[in-house]
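In: no sequence for this one, just the structure:
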């Protein structure tokens with residue numbers, strides 16, 4: 001969509017381009033999230049609290065908290081990507097059924 005603001009009609013902003021690209025991104029992101037969540041499943045808040053508070057262990061405690069935050073944010077970002085895909089798909093299909101059949105080869109922002 002960024003390229004579309006710089007030019008009048010670029011193919012990267014077409015729903016026919018955006019939807020397959022977003023679909024591949026969503027599926028790939030889901031696979032990576034499942035893998036990383038399974039890999040770090042034993043790192044939970046109760047585990048982080050068991051790490052001693054000494055300065056010697058501070059990097060480990062920080063790492064533990066950062067992994068938890070990272071796991072949360074990658075899932076939130078995946079949901080946002082999935083919602084963007086669903087919204088563009090719904091919008092394009094709705095426009096197509098309203099009689100605007102050129103929606104697939106026109107820019108989303110136009």
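Out: Noted; the coordinates are in hand. Owing to the predicted nature of the structure, the values given are computational and were not obtained by experimental measurement.

In: so where's the chain uncertain?
Out: 1-8, 110 (pLDDT under 70).

In: most residues in a single helix of it, which one?
Out: helix 58-97 (DSSP state H).

In: helices or strands up against it?
Out: Helix 58-97 sits against helix 15-39, helix 45-50, with contacts defined as 3 or more Cβ pairs under 8 Å, 6 or more residues apart in numbering; DSSP states H and E. Glycine gets a C-beta too; all of them are placed from N, C-alpha and C.

In: ok, which of those comes nearest residue 74?
Out: helix 15-39 (5.4 Å; Cβ to Cβ).

In: give me the contacts around that closest one.
Out: 1, 11-12, 71, 74-75, 77-78, 81-82, 84-85, 88-89, 91-92, 103-105, 108 (Cβ atoms under 8 Å, 6 or more residues apart in numbering).

In: what angle do helix 58-97 and that helix make with each other?
Out: 150 degrees (axes from the mean of the first three to the mean of the last three Cα atoms, to 10 degrees).

In: for helix 15-39, buried residues please.
Out: For helix 15-39, the neighbour count (16 or more other Cβ atoms under 10 Å) marks 15, 17, 18, 22, 26, 29 as buried.
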